[in-house]
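In: sharing a model that was predicted from the sequence below.
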Amino acid sequence: MPRRPRVLLADYPLHIVQRGINREPCFFTDEDYYCYLHWLEESARACGCAIHAYALMTNHVHLLLTPKEDGAPSRLMQSLGRRYVQYANRFYRRTGSLWEGRFKSSVVQAESYLLACQRYIELNPVRAGMVVDPGQYRWSSYRANGLGETDVRLSPHELYRALGRDGEERQVAYRALFRPELDAEAVDDIRKALQLGMPIGSERFAEMICGRLGIRHNSGKRGRPTRPPDEASMQPITNQQDFGF
């Protein structure tokens, strides 16, 4: 069966997940995380991808970015993956790839799902039971987006900027989004879109994106499509393990 073509379009936000082979760890020491983040910054700049959010988990990685060119995310992940795997193989005296096949991705309808995806990504450590509060986790973008720490890798999306007139106001508004629980249906929608490589957003948005590429839209659902999540009601399901999403 032929591979489904990736949906990697310029100027559309993209949620990417890459995980380790057999869900095995990809990061072992603090130095590993630092190296990956350093190469993420360099590769994103070279490939023309604006990074909005990220979370480096023990056995997988989440990124939310907007590319300037079609196909730029593939170049980013190829460059980043090659450099990090070479480093890990040399340092840990191993061979082969760290990653399980192709990375998974989903184009995001910014107006209805971008901030939801940011929160989904930055709350991964909470869902995995690694921390109680996302600010306690060092290897995600939450400390920058929610607490104002400097992070040279990040380029805030215009919807994040619209949360307030200045950095402090945006951070207060952003933290407020984390107080209610993230709707379980929104979590399920994000996960299904990643699994299927389909856009996340309204049915009209998904059909439009797939139509541009000449591919069939597969939502993985039956029956009437659900409405986009309400931003005021979004936070993660708790008591989840670190299972790759």
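Out: Everything's here; your move.
In: give me the residue at the spatial middle of this structure.
Out: Leu63 (3.3 Å; Cα atoms, centre = their mean).
In: and that residue, that's in a helix?
Out: No. Looking at Leu63 with DSSP: H, G, I helix; E, B strand; the rest coil, it is strand, so not inside a helix.
In: I'd say it and Met57 touch.
Out: No. Applying Cβ atoms under 8 Å as the test, Leu63 and Met57 come out as separate, 11.8 Å apart. All C-beta atoms are positioned from the backbone trio N, CA, C, and that covers glycine.
In: follow-up on the earlier one: for the residue nearest to the centre of the chain, give the beta-bridge partners.
Out: Ile16, Tyr54 (DSSP bridges).
In: tell me who's in contact with the nearest residue to Gln171 once chain neighbours are set aside.
Out: Ranked by Cβ to Cβ, 6 or more residues apart in numbering and with sequence neighbours excluded, the top spatial neighbour of Gln171 is Gly148, at 5.1 Å. Counting by Cβ atoms under 8 Å, 6 or more residues apart in numbering, Gly148 makes contact with Gly167, Glu168, Gln171.
In: which of those are buried?
Out: Gln171 (16 or more other Cβ atoms under 10 Å).
In: mind listing what's buried in stretch 134-141?
Out: Pro134, Gly135, Tyr137, Trp139, Ser140, Ser141.
In: and those residues, which two are furthest apart?
Out: Gly135 and Trp139 (12.3 Å; Cβ to Cβ).
In: ok, Tyr120 - how many residues close by?
Out: The number of residues packed near Tyr120 is 26, by other Cβ atoms under 10 Å.
In: ok so, going back, give me phi/psi at the residue nearest to Gln171?
Out: The phi/psi pair for Gly148 (degrees, to the nearest 10) reads phi 90, psi 10.
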